[in-house]
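S.K.: sequence unknown, structure follows:
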């Protein structure tokens, strides 16, 4: 093993959106997204499991119902990781703010994984180090409601297309020990339990029209640099989407496809989905409803959603600035910096997007930093894996137009053999990666 000193600035230096002093506190969402091997992020997480990821162990142990996705009780998840770090005999956790990139040789090899909310002073020093201004985009957070305040006479429980996952720990453990994992016939990392995992708020055409009109006329919160604001395309605020067209939301976070209201026997005109946010099941987040509206406007607009007329909000949505470096000009595939091989960047500041992607980069950066400490060569998984493909993208994308990315099958090398259906191709890519 290699001894590690881990510096965490909270609670000495809080951020605008974190609420606790726990490590790995999830801010934007409690979902790590898809957990099936016909999905690139599902493959990424399975690779992380096979590499012994602490993040994945904590996520699997604290998952909550979320259809075919992996969502967690955010408090228990972060507590599990904090407990594991604090109790590890080779890790020293220091609560202080690192204001500049250290020049103390004894602190190297060094991994900078300060996330999208890196403090201003450290951000400025990193920008000077890498020789360029930081890039950034704004990220928005979804509201959370108290379950007991929902009008359940207007809400129905279901997962889209009936996809619902419960961990089958014995089957998965057997597969990871060398047994077979039947990819084409079912969920890669779970089994269908036959129950719907989302609360669905169905809308008629008239209800959608009232909601839409109120949304596009609502007042947004003020953010510094809003005249130049940029949002990550995969996490756009609902009001930004709404301004793109009247039906944009119905083909995005409010799409009704795959859902049938059991009271009418029909597919609704639009649907708002709520996902369980903790194991107790008393908090639910609005899926895809990240927003920058002022809190009063949020309460007014969201009360127009059937079932939320009298909802009590545990947390309103908000906006924060995400900071990241221009990975292709700074990083190697090993997550080492090009100018200094014992300095690594990982997590969202390195130019990945998403919890799983950020954790995957940290997993490889940490393993490679440990390798250097032991006098070994850094390694990276091949590009045919999700982790390897993500590392290649971050280090080789066009630096002139660089933006963070989620893992997709599209950034992995294509299969050599002939034509396949889209579904079969995704499964084949996952089989190749895990072989």
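M.R.: Nice, I can see it. Model, not experiment: these values are computed from the prediction. Numbering: from 1, shown residues only.

S.K.: and whichever helix or strand residue 320 is part of, what other elements does it pack with?
M.R.: Here residue 320, judged by DSSP states H and E, is contained in strand 318-324. Helices and strands touching strand 318-324, by 3 or more Cβ pairs under 8 Å, 6 or more residues apart in numbering; DSSP states H and E, are strand 135-141. For every residue, glycine as well, the C-beta is placed using N, CA and C.

S.K.: moving C-terminal from the strand it packs on, which element do we reach first?
M.R.: Next helix or strand after strand 135-141 toward the C-terminus (DSSP H and E): strand 144-146.

S.K.: buried stuff in that next one?
M.R.: Neighbour-count burial for strand 144-146 flags 144, 145 (criterion: 16 or more other Cβ atoms under 10 Å).

S.K.: same question, stretch 300-313
M.R.: Within stretch 300-313, the residues scored as buried using 16+ other Cβ under 10 Å are 301, 302, 304, 305, 306, 307, 308, 311, 313.

S.K.: state the pLDDT value of the residue nearest to the third one when sequence neighbours are not counted.
M.R.: Going back to what we said before, that points to residue 304. On the basis of Cβ to Cβ, 6 or more residues apart in numbering, the spatially nearest residue to residue 304 that is not a chain neighbour turns out to be residue 211, at 4.6 Å. We note a pLDDT of 96 for residue 211 in this prediction.

S.K.: residue 260: how many residues sit nearby?
M.R.: When neighbours are defined as other Cβ atoms under 10 Å, residue 260 has 16 of them.

S.K.: that one touches residue 202, doesn't it?
M.R.: No. Under the criterion of Cβ atoms under 8 Å, residue 260 is not in contact with residue 202, lying 9.5 Å apart.

S.K.: find the nearest non-adjacent residue to residue 408, please.
M.R.: In space, residue 408 is closest to residue 40, 5.1 Å off (Cβ to Cβ, 6+ apart).

S.K.: quick one: the residue nearest to residue 304 from residue 201, how far?
M.R.: As judged by Cβ to Cβ, to the nearest Å, residue 211 and residue 201 stand 10 Å apart.

S.K.: shared neighbours of the two, anything?
M.R.: Listed as contacting both residue 211 and residue 201 by Cβ atoms under 8 Å, 6 or more residues apart in numbering are residue 305.

S.K.: and the buried residues of stretch 300-313, which two are furthest apart?
M.R.: Across the buried residues of stretch 300-313, no pair lies farther apart than 306 and 313, at 16.5 Å, counting by Cβ to Cβ.

S.K.: roughly how far does residue 337 sit from residue 4?
M.R.: Residue 337 is 19 Å from residue 4, by Cβ to Cβ.

S.K.: who has more neighbours, those two?
M.R.: The neighbour count for residue 337 versus residue 4, taken as other Cβ under 10 Å, is higher for residue 337 (19 against 16).

S.K.: list phi and psi for the nearest residue to the more buried one once chain neighbours are set aside.
M.R.: Closest residue to residue 337 apart from its sequence neighbours, by Cβ to Cβ, 6+ apart: residue 343 at 4.7 Å. Main-chain torsions, residue 343, degrees, to the nearest 10: phi -120, psi 130.

S.K.: equivalent analysis for residue 283, please.
M.R.: Taking degrees, to the nearest 10 as the convention, residue 283 sits at phi -120, psi 140.

S.K.: picking up where we left off before, state the mean pLDDT of the strand holding residue 320.
M.R.: Rounded mean pLDDT across strand 318-324 is 76.

S.K.: give me the sheet partners of that strand and which way each runs.
M.R.: strand 135-141 (antiparallel) (DSSP bridges).

S.K.: any stretches of the stretch 151-300 of the chain with poor pLDDT?
M.R.: 163-196, 221-235 (pLDDT under 70).

S.K.: how about the helices in it?
M.R.: Assigned by DSSP state H, counting those that start in this stretch, the helices in the stretch 151-300 of the chain fall at 169-176, 205-217, 238-242, 295-302.

S.K.: do you know which of those lies nearest residue 332?
M.R.: helix 169-176 (29.5 Å).

S.K.: grab the nearest non-local neighbour of residue 409.
M.R.: Nearest residue to residue 409, sequence neighbours excluded (Cβ to Cβ, 6+ apart): residue 40, at 4.8 Å.

S.K.: how many other residues sit next to residue 410?
M.R.: Other residues close to residue 410 by other Cβ under 10 Å number 10.
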